[in-house]
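1. Sequence plus the predicted model coming up.
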Amino acid sequence: MYFRIHNEGRVYLVVSVILTIIIFPFFPIVGLFLLIISFCFFYFFRDPIRIIPNENVIVSPADGKIVFLGESNLPEECGIKGKFLKISIFLDIFNVHVNRMPISGIVKDIKYISGKFFRANVEKSSKENERNIVTIENEKKEKIIVTQIAGLIARRIVCDLKIHQEVLKGERFGIIKFGSRVDLYLPKNY
């Protein structure tokens with residue numbers, strides 16, 4: 001499997017490697033600790049190359065463990081009524097944290113909501129934690145919502161999208177640093 005390091009992680013990695021090189025000759029134990037930290041940054045910010053196996057599937061916006069699957073209302077901030085299929089994915093520190101587009105379409109709306117930092121694997125984090133809500137409209141005019149949610153340790157949501165931007169299925173659109181959750185809302189007919 002081939003991968004790269006996400007842009008958001010390069011500064012962490014470069015600084016930790018430089019500190020390791022400088023400190024290791026004088027303080028080997030501290031240098032070893034910094035080497036381990038460098039490896040952790042390298043591992044956390046990895047960004048594997050992903051191939052979309054089939055155009056007729058929806059791509060998961062995140063790697064992780066599904067902690068909720070069921071019918072749900074959209075977040076109030078979306079302004080869209082009705083029940084959707086909600087898939088909540090918890091990302092622990094060992095998962096890839098790069099977020100990807102589940103479908104191709106046009107970004108119709110982006111809303112950032114400040115909030116708390118509860119553990120991301122509990123349901124209340126969907127409504128109370130800091131989050132970024134992205135609404136995408138596909139060619140059939142169906143709306144799909146992806147919500148990036150900060151967790152207890154994750155304190156930084158990065159979203160590289162702009163309203164009216166055309167996006168492709170599987171395309172990278174952001175990262176949530178150091179443990180988080182992503183909620184995907186699909187129309188019930190999916």
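-> Perfect, I can see it now. Residues are numbered from 1 along each chain as shown.
2. Domain boundaries for the protein, per the record?
-> Following automatic domain parsing, one gets these domains for the chain: 3-48, 65-187.
3. gap between the longest one and the chain center?
-> When you say that, I think you mean domain 65-187. Mean-position distance between domain 65-187 and its chain equals 7 Å (C-alpha atoms, centre = their mean, to the nearest Å).
4. if I look at the residue lying closest to Glu55 once chain neighbours are set aside, how far off is Cys78?
-> Distances taken as C-beta to C-beta, 6 or more residues apart in numbering put Lys169 closest to Glu55, at 7.6 Å, once the chain neighbours are dropped. Using the backbone N, CA and C atoms, a C-beta is placed for each residue, glycine as well. Between Lys169 and Cys78 the computed distance is 21 Å (C-beta to C-beta, to the nearest Å).
5. Could you do Glu71 as well?
-> Glu71 sits 16 Å away from Cys78, going by C-beta to C-beta.
6. Then Lys116?
-> 20 Å.
7. got the residue ranges for the helices in the chain?
-> Secondary structure of the chain (DSSP state H): helices located at 7-23, 28-44, 125-128.
8. Out of the ones you listed, which one sits most buried?
-> Of all these, helix 125-128 has the most neighbours on average by mean count of other C-beta atoms under 10 Å, namely a mean of 19.
9. burial count for the closest residue to Glu123 other than its chain neighbours?
-> The shortest distance from Glu123 to any non-neighbouring residue, by C-beta to C-beta, 6+ apart, is to Phe68 (6.3 Å). Using other C-beta atoms under 10 Å, Phe68 has 16 neighbouring residues.
10. Val134: neighbouring residues, count only.
-> Residues near Val134, counting by other C-beta under 10 Å, number 23.
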